[in-house]
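**Q** I need the structure of the sequence given here:
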Amino acid sequence: MAHSHNNLHQQDMKDRNLMVSILLNIVITVTQIVGGLVSGSLALLSDALHNFSDVISLVVSYVASKLSKQKASLNRTFGYKRAEILAAFVNAATLIIVAIILIIEAVERFNNPQEIASDLVIWLSFIAIIGNGISVLLLKKDSENNINIKSAYLHLLTDMLASVAVLIGGLLMKYYQMFWVDSVLTLLIAFYLIYVGYDLLKTSTKMLMLFTPDHINLKAVVRTVNKLKKVKKLHHVHIWNLSDDELHLEAHLDLNDDLSTSEFNTLLITIEALLHEEFNINHVTIQPEYKKDDSKDVIVQD
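**A** Numbering: from 1, shown residues only. Predicted coordinates for the structure are as follows:
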């Protein structure tokens with residue numbers, strides 16, 4: 001009960017931190033849009049666009065976090081546990097889409113440079129750094145073990161770095177009249193968004209497609225189970241992430257002997273403990289078999 005209460009408290013804190021970050025980014029986005037239009041800074045407007053994508057990503061993450069707590073039902077036997085993976089996929093995709101839009105706008109502005117009110121750019125980018133910095137600190141801890149929060153965290157981290165770049169650009173424009181740097185910084189921001197977005201998109205796609213997690217050596221899992229005395233061969237194996245903290249294994253188990261139900265239960269308990277200890281697999285579904293005439297390949301698409 002103490003563990004359950006502590007876990008619930010952590011989830012509530014995670015949701016609260018997300019909500020605070022949403023409110024901070026709404027304020028930043030509005031001020032940057034106004035400031036970008038007044039100053040004529042494309043870098044500031046691009047930062048505002050990125051911040052707006054942050055707001056969307058944070059809202060998606062917040063809703064997904066809330067949904068993931070919903071209980072399972074007859075027509076939703078897993079509940080909404082995969083909502084956070086879907087949210088991470090959507091957030092990663094928006095990072096890349098925003099980056100492409102920024103590249104197009106930066107190239108267009110580079111060909112038609114404009115004078116920019118640098119003082120406003122400097123102050124607004126400084127405010128954005130503080131706001132995003134607070135949000136980054138709020139989400140950092142949870143981002144280490146939750147792909148949904150990590151997607152929101154990356155949005156905020158890249159936006160904080162983008163604001164730093166805009167600040168530097170504003171200083172260069174103010175003291176050296178290097179107005180072309182506005183477009184260059186926008187391009188750098190866009191390329192960085194693609195870099196971080198692609199990695200997250202690849203990870204979330206693998207999870208949605210039920211691929212074997214990268215850190216799992218499936219052959220090692222099979223070898224570990226096959227070493228047990230009463231086991232002949234583990235086959236028809238599937239290992240996937242249902243969510244960040246749920247790793248499932250489904251397989252057929254060919255037995256050396258015709259075990260009774262109680263004997264198999266004892267063996268199953270041993271297998272579950274072994275897989276959890278060695279590979280952190282916390283949900284095991286095994287179909288026992290004895291002299292069944294079917295394929296005994298480790299991987300079978302069925």
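
**Q** quick one: find the helix or strand in this protein with the lowest mean pLDDT.
**A** Lowest mean confidence among the helices and strands of the chain (mean pLDDT, DSSP states H and E): helix 2-39, at a mean of 75.

**Q** what packs against the helix or strand following that one?
**A** Moving toward the C-terminus from helix 2-39, the next helix or strand (DSSP states H and E) is helix 42-67. Packing contacts for helix 42-67, counted by 3 or more Cβ pairs under 8 Å, 6 or more residues apart in numbering; DSSP states H and E, involve helix 2-39, helix 83-111, helix 118-143, helix 147-176, helix 181-208. Quick note: C-beta positions are derived from backbone N, CA and C, even for glycine.

**Q** using TSV, lay out these together with distance to Asn75.
**A** Output for the helices and strands packed on helix 42-67, formatted as TSV (distance: least, Cβ to Cβ, whole Å):
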stretch	distance to Asn75
helix 2-39	24
helix 83-111	16
helix 118-143	30
helix 147-176	23
helix 181-208	20
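
**Q** if you compare the ones you listed, which one is most tucked away?
**A** Highest mean neighbour count among the helices and strands packed on helix 42-67 (mean count of other Cβ atoms under 10 Å): helix 147-176, with a mean of 23.

**Q** and that one, how far from the chain's centre?
**A** Its chain's average C-alpha position is 19 Å from that of helix 147-176, according to Cα atoms, centre = their mean, to the nearest Å.

**Q** for stretch 66-77, same thing?
**A** Counting by Cα atoms, centre = their mean, stretch 66-77 is centred 20 Å from the centre of its parent chain.

**Q** mind listing residues that contact that stretch?
**A** With contacts defined as Cβ atoms under 8 Å, 6 or more residues apart in numbering, stretch 66-77 is touched by Gln11, Asp15, Phe78, Gly79, Tyr80, Lys81, Ala83, Glu84, Asn148, Ser243.

**Q** the last one reaches Leu86, doesn't it?
**A** The one in question is Ser243. No - applying Cβ atoms under 8 Å, one finds Ser243 not in contact with Leu86, separated by 10.7 Å.

**Q** helix, strand or coil for Asp297?
**A** Here Asp297 is recorded as coil under DSSP: H, G, I helix; E, B strand; the rest coil.

**Q** now do the contacts for it.
**A** Asp297 is in contact with His235, His236, counting by Cβ under 8 Å, 6+ apart.

**Q** give me the phi and psi for it.
**A** phi -70, psi 150 (degrees, to the nearest 10).
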